[in-house]
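J.: I'd like to go over a predicted model; first the sequence, then the structure.
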Amino acid sequence: MSEHIHLTPLHRISVTEAAAWHQVVAASMAHDLPDVPPPGPGQIHAQLTKPTLDSHRLTWLAAGADGVPVGVAGLRLFASPGRDHLAELELHVDPAHRRQGAGSLLLSAAVAACRTESRRSLIAEASADSPGEAFAERWGFRQALALDHLILRFDQVDEAGILRLSKAEHPGYRLTGWTGTVPDDLADAFAAAKNAMNDMPVGDLDYGSVDWDADRVRAMAKVVADRGDTLLTIAAVHDDGTMAGYTEILLPQGTPPRVQQYDTAVVPAHRGHGLGLWLKAAMVHRLRAEYPHVLEIETDNAEDNVHMLAVNRELGFRSYRRTREFQLDLPTA
Ligand SMILES: CC(C)(COP(=O)(O)OP(=O)(O)OC[C@H]1O[C@@H](n2cnc3c(N)ncnc32)[C@H](O)[C@@H]1OP(=O)(O)O)[C@@H](O)C(=O)NCCC(=O)NCCS
């Protein structure tokens, strides 16, 4: 049946192509993830056309014989030294056109590109117990990481408890926060703290690591801003000037009620002092005070990341959905 499906690699993505992409992703998510708000057309356009940090993206559109878009694939090829073995796949087929080989055709184009680009690992995320999981297993991916997604709904939080946690004294530490790019006087300390994320549990994923420095943290903030999104950070700074930990929230463009947790990290030497809970409570308090349109935060944690899960549960996060990271190991020359 797949002979009726035609693949087109997309190069300079037009508004029409981005709209077709959005249509497929929205239909796919409405089918598999009815509780998850799909990205808006503007977000998809920005994701497809704006630069990413240290990576480039290849994209394909699958259309039926009548030219109607039925599936999309995006392949992110990382370029930084610790991650240039890795590619990440996003793949969606419109539910009305599934089980006709479109997904397999898109995957084979992505795998061929991985070979050309000498990638040894291809990773993709799928919901637990979903068609995506069955598809990944069919094509020889192995499950490398199990993620628990949690959600914090502000109408269900213990406001007084959050306030108390956010205002608690932590002798030797102070909180600071910023929007977008880190202030210059904290940039080196922030980059050092970001390197602490390299020990985040990633199961059996061949995820590599990234070396952060001040230029790279500024570049990351610029990528987010160019996409039209807003990055909020709160950090705990030790009296000696070290950044002991930080937490980041991404507010997508527009004013959608749901925001995404990005990193939360506490540097190993500063663990065990309740800084994670302090930082995250302060972030909830900041969101409540400064961004009244925000109603909920979604976060995901490796199933075995017991400390982060405990912090999140104490704040009021509740289980929401489960995803799996799959990895396909590719032969390299
Ligand atoms: C995963 C997805 C892209 C598959 O697209 P598709 O066009 O239906 O895939 P194909 O027709 O090429 O399927 C190839 C094989 O995968 C397996 N497969 C796909 N969907 C399946 C399902 N729902 N149940 C069981 N096996 C399935 C089958 O072995 C199938 O071969 P068959 O139809 O001859 O039995 C699609 O279901 C989707 O968009 N899901 C949501 C997004 C997602 O999870 N993406 C991550 C993918 S790793």
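T.: Looks like it arrived, so ask away.
J.: Would you pull up the residue in this structure closest to the ligand?
T.: When you check the chain against the ligand by C-beta to the nearest ligand atom, the closest residue turns out to be G132, at 2.0 Å. (C-beta placed from N, C-alpha, C; glycine too.)
J.: Regarding that residue, which helix or strand does it belong to?
T.: helix 131-138 (DSSP states H and E).
J.: buried ones in that helix?
T.: Residues of helix 131-138 classed as buried by neighbour count (16 or more other C-beta atoms under 10 Å): P131, G132, E133, F135, A136.
J.: Return it as CSV; C-alpha atoms alone will do.
T.: Only the C-alpha atoms of helix 131-138 are listed here, as CSV (Å, rounded to 0.1, in the frame of the first residue of the first chain):
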residue,chain,number,x,y,z
PRO,A,131,0.8,2.5,18.5
GLY,A,132,4.2,4.4,18.6
GLU,A,133,5.6,1.8,21.0
ALA,A,134,4.4,-1.1,18.8
PHE,A,135,5.9,0.6,15.8
ALA,A,136,9.2,1.2,17.5
GLU,A,137,9.4,-2.4,18.6
ARG,A,138,8.5,-3.6,15.1
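J.: L250: which element?
T.: strand 243-251.
J.: Tell me the strands beside that strand, with direction?
T.: strand 230-238 (antiparallel), strand 258-266 (antiparallel) (DSSP bridges).
J.: How far off centre is the first one?
T.: If you compare the mean C-alpha spot of strand 230-238 with that of the full chain, they lie 18 Å apart, counting by C-alpha atoms, centre = their mean, to the nearest Å.
J.: who's in contact with it?
T.: With contact meaning C-beta atoms under 8 Å, 6 or more residues apart in numbering, strand 230-238 is reached by 170, 172-180, 182, 186, 189-190, 193, 221, 224-225, 243-251, 262, 266, 270, 275, 278-279, 282-283, 286-287.
J.: which non-adjacent residue is nearest the one residue sitting closest to the centre of the chain?
T.: Nearest to the geometric centre of the chain sits Y262, at 7.1 Å (C-alpha atoms, centre = their mean). In this structure, Y262 finds its nearest non-sequential neighbour in E248, 3.8 Å apart by C-beta to C-beta, 6 or more residues apart in numbering.
J.: and the one you found, how many neighbours?
T.: Neighbour count of E248, defined by other C-beta atoms under 10 Å: 21.
J.: quick one: it and D263 touch, right?
T.: Yes. Using C-beta atoms under 8 Å, E248 makes contact with D263 at a distance of 5.0 Å.
J.: got a list of what D263 touches?
T.: Residues near D263 by C-beta under 8 Å, 6+ apart: K194, M197, Y246, T247, E248.
J.: Could I get the pLDDT score of it?
T.: Note on D263: pLDDT of 94.
J.: ok so, going back, tabulate the strands paired with strand 243-251 (TSV), appending distance to H85.
T.: Converted to TSV, the strands paired with strand 243-251 look like this (distance: least, C-beta to C-beta, whole Å):
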stretch	distance to H85
strand 230-238	27
strand 258-266	22
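J.: State the phi and psi torsions of the closest residue to H170 other than its chain neighbours.
T.: Closest residue to H170 apart from its sequence neighbours, by C-beta to C-beta, 6+ apart: W278 at 5.9 Å. Backbone torsions of W278, given as degrees, to the nearest 10, read phi -60, psi -50.
J.: Hmm, E169 and W278 touching each other?
T.: No. Applying C-beta under 8 Å, one finds W278 not in contact with E169, separated by 9.6 Å.
J.: A73 versus the residue found closest to W139 once you drop the neighbours it is linked to in the chain, what's the distance?
T.: Counting by C-beta to C-beta, 6+ apart, W139 lies nearest to L107, which is 6.1 Å off, once chain neighbours are set aside. For L107, the distance to A73 equals 7 Å [C-beta to C-beta, to the nearest Å].
J.: Kindly report the same for R164.
T.: Per C-beta to C-beta, R164 is found 48 Å from A73.
J.: And S166, by the same measure?
T.: S166 sits 42 Å away from A73, taking C-beta to C-beta as the criterion.
J.: which one of the two has more residues nearby?
T.: Shown here are S166 and A73; by other C-beta under 10 Å, A73 has more neighbours (27 against 20).
J.: got the contact list for whichever strand or helix holds K280?
T.: According to DSSP H and E, K280 maps onto helix 275-290. Outside helix 275-290, the residues within contact range by C-beta under 8 Å, 6+ apart are 152, 154, 157, 159, 162-163, 165-166, 168, 170, 173, 175, 177, 232, 234-236, 244-247, 249, 259, 264, 266, 294, 297, 307-308, 311-312, 314-315.
J.: ok so, going back, what about the residue nearest to H170, how many neighbours?
T.: Residues near W278, counting by other C-beta under 10 Å: 24.
J.: ok, D213 touching A189?
T.: No. Contact criterion C-beta under 8 Å: D213 and A189 do not qualify, at 11.6 Å.
J.: and those two? which has more neighbours close in?
T.: More neighbours surround A189 than the other of D213 and A189, with 20 against 14 (other C-beta under 10 Å).
J.: what's the spacing between that one and V306?
T.: 28 Å.
J.: same deal with R142?
T.: As judged by C-beta to C-beta, R142 and V306 stand 24 Å apart.
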